[in-house]
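K.L.:
need coordinates for the following:
(one chain, ligands or ions: 1)
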Amino acid sequence: MYVIRKQGFHTKKELEVHLQNMKKELGREYHQKSPEYQFLLELIQLAHPHATEKIGPGIKYFYVEDAGRGCTRFAFERVDGSDDIFSYIKCKDYFGRDRDEVVATDAWKNLLSACRTAIADQLSAYYYAHEHICADCGVTKDIQVDHKNKNFVDILLEFDAPRNDTPREFDDLPVEETDGFRGTHLFKIRDVEYMVAFQEYHRQVAVLQLLCRPCNLKKSRQAGIRKGVRREVSGA
Ligand SMILES: [Zn+2]
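P.N.:
Sure thing, here's the model as predicted:
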C-alpha cells in the first residue's frame, strides 16, 4: 500500500495508471491548492531521488507538455521562474526498492498512529472478550486482533477522504502509556472532534477477528500491504 496525498494505491500499476490519467491532456496545468498539485509535490518529496534539487525554492505550478513521439510528460515552473521536468518513472522505481519500506509522509504515518491509539480500546475490548484462538489455523499462541473485511489503512482513507479538517500535528504518546494496542501518537486536544468521529466510524465499519501472528503476516503479504503501514496490534 502506497499512500500519497490521502490516496492509497495497492500496486505500482495502480499508481502508474493514476499518473498517466493526470498527464493525458496536453497543456493541462495544475496550480497550487489543487489536489493534483499537492499530489505531485508529495510524490516528488516522497520518492524522487533528487527531490531537494528538483523542488529548489518551490514549485509554482505543474503542467503537461509534449515529450515527442506522441507522449506527454510532467513539467513545472518554480517560483523563481525556472522550468524543469520530472520523470515519475524515477519515483516509481523508488517504490520497488525495498518491499518493506513504508511509503508515506510523516504526517500521514503519525495520523495513522494517532488513529490506532484512538481505537485501542475497541481492539483490546475485542481481544479480552474472545477466546484466544486463531480464526484461520486454530492455534492459541501469539494471538492478534485483525481487521477482517477492510484493512485499517483503507478504513482511515475512506473516513478521511471527504473531510477537510485532517490533523497534521500530533503529540507523542508517553512511553509508560504504550501497550500492544496503541500507536505512538496522540491527537491534540483541538482535534478531538476528528478523533471522536473516527472512533465512531471505526466502530461501525470495522469487522474484527483474532489471528495468530503467522496467519496475520501471511494475510498482510497476500494483500500486498506494507509492513509498518499495517502494523496490526498485538495483545500477546
Ligand atoms: Zn493461525
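K.L.:
how is the protein partitioned into domains?
P.N.:
The chain is divided into the following domains under automatic domain parsing: 2-95, 106-222.
K.L.:
any idea which of the ones you listed gets closest to the ion?
P.N.:
Proximity to the ion (Cβ to the ion) singles out domain 106-222 among these, at 3.2 Å. Using the backbone N, CA and C atoms, a C-beta is placed for each residue, glycine as well.
K.L.:
and the closest one, what's its mean pLDDT?
P.N.:
What domain 106-222 shows for mean pLDDT is 91.
K.L.:
i'd like the first residue to be 14 from this point on
P.N.:
In the new count, where the first residue is 14, that last one comes out as domain 119-235.
K.L.:
would you turn the domains of the chain into TSV with mean neighbour count?
P.N.:
Formatted as TSV, the domains of the chain follow (neighbours: other Cβ atoms under 10 Å):
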stretch	mean neighbour count
domain 15-108	15
domain 119-235	16
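K.L.:
residues in contact with the top strand by length along the chain?
P.N.:
If you go by DSSP state E, the chain has its longest strand at strand 72-81. Defining contact as Cβ atoms under 8 Å, 6 or more residues apart in numbering, one finds that strand 72-81 is touched by 35-45, 49-50, 53-54, 85-92, 98.
K.L.:
recalculate using a threshold of 10 Å.
P.N.:
For strand 72-81, the external contacting residues (Cβ atoms under 10 Å, 6 or more residues apart in numbering) are 35-45, 47, 49-50, 52-54, 57, 85-100.
K.L.:
what does this structure put close to the ion?
P.N.:
Proximity of the chain to the ion is confined to 147, 149, 150, 225, 228 under the rule Cβ under 5 Å from the ion.
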